[in-house]
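J.: Sequence below, structure please.
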Amino acid sequence: MAWDTARTKQLLLDAAVEEFAEYGPEGARIARVASRAGVNKERIYQYFGGKEKLFVAVLECELQKIAAAVPLVGDQAEDLGDYAGRVYDYHLLHPHFVRLLAWEGLLCQDRVVAQCARTDHYEEKIAAISAAQRAGALTGAVDAGQLMHTVIALTVSWFTMPQLARLIVPAVADAGAPAQRAALVEMVRRLTA
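T.: Residues are numbered from 1 along each chain as shown. Below you'll find the predicted structure:
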């Protein structure tokens, strides 16, 4: 029987997502990834070359997933509150993604995974925001890139710093995801109007 390379790679990537989200690139163990995937750990070295390259592959794969799942094109940019809500929903369903980004930021500051592709991706979003600003749908008082960064920061803060939300806005934090999402959407709409 022929070895299903694509399936094996996907099993390893899926297992590595959880491992890296939980332990980060430094604490992750190849043996645990292989065990979770039910694959010999030598396949990781064969397919990915080692732990660091596996982390890069995981992050690239997860970045592609969120880019496809939560676009910001054309008229969508006219309501950044809606966009923030859709990003919030994605993170609620895929909490590992924010943890992967946090690990990247903490440990890989001098090397950004897929930097050129990510820059291009964000430039497209910024262009859509700029067009919405020119159309008068969003404030022009703030740079489009700064608006994009602010929306991302506000959105991920619910997942990366929940303790601050509980301390600063306990009623919203304790009310759960629907209330947090509603507060986020309203805040972004007010900030960008």
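
J.: hey, where'd the helices end up in this protein?
T.: Ranges of helices in the chain, per DSSP state H, are 5-27, 30-37, 42-48, 51-69, 80-93, 95-107, 115-134, 144-160, 162-168, 170-175, 177-192.

J.: Extract the residue ranges of this protein that are flagged as low pLDDT.
T.: Scanning the chain for pLDDT under 70 picks out 1-3, 109.

J.: still on that earlier bit, turn the helices of the chain into JSON lines, including mean neighbour count.
T.: All C-beta spots, glycine's among them, are computed from the backbone N, C-alpha and C. Formatted as JSON lines, those follow (neighbours: other C-beta atoms under 10 Å):
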{"stretch": "helix 5-27", "mean neighbour count": "18"}
{"stretch": "helix 30-37", "mean neighbour count": "18"}
{"stretch": "helix 42-48", "mean neighbour count": "16"}
{"stretch": "helix 51-69", "mean neighbour count": "17"}
{"stretch": "helix 80-93", "mean neighbour count": "19"}
{"stretch": "helix 95-107", "mean neighbour count": "17"}
{"stretch": "helix 115-134", "mean neighbour count": "16"}
{"stretch": "helix 144-160", "mean neighbour count": "17"}
{"stretch": "helix 162-168", "mean neighbour count": "12"}
{"stretch": "helix 170-175", "mean neighbour count": "13"}
{"stretch": "helix 177-192", "mean neighbour count": "16"}
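
J.: Using the record's domain definitions, break this protein down for me.
T.: Following automatic domain parsing, one gets these domains for the chain: 1-59, 70-192.

J.: to the chain's geometric centre, what's the distance from the first one?
T.: If I follow you right, that is domain 1-59. Put simply, domain 1-59 sits 20 Å off its chain's centre (C-alpha atoms, centre = their mean, to the nearest Å).

J.: Check the gap between the nearest residue to residue 145 once chain neighbours are set aside and residue 155 for me.
T.: Using C-beta to C-beta, 6 or more residues apart in numbering and skipping the chain neighbours, the partner closest in space to residue 145 is residue 126 (5.1 Å). Separation of residue 126 from residue 155 (C-beta to C-beta, to the nearest Å) stands at 16 Å.
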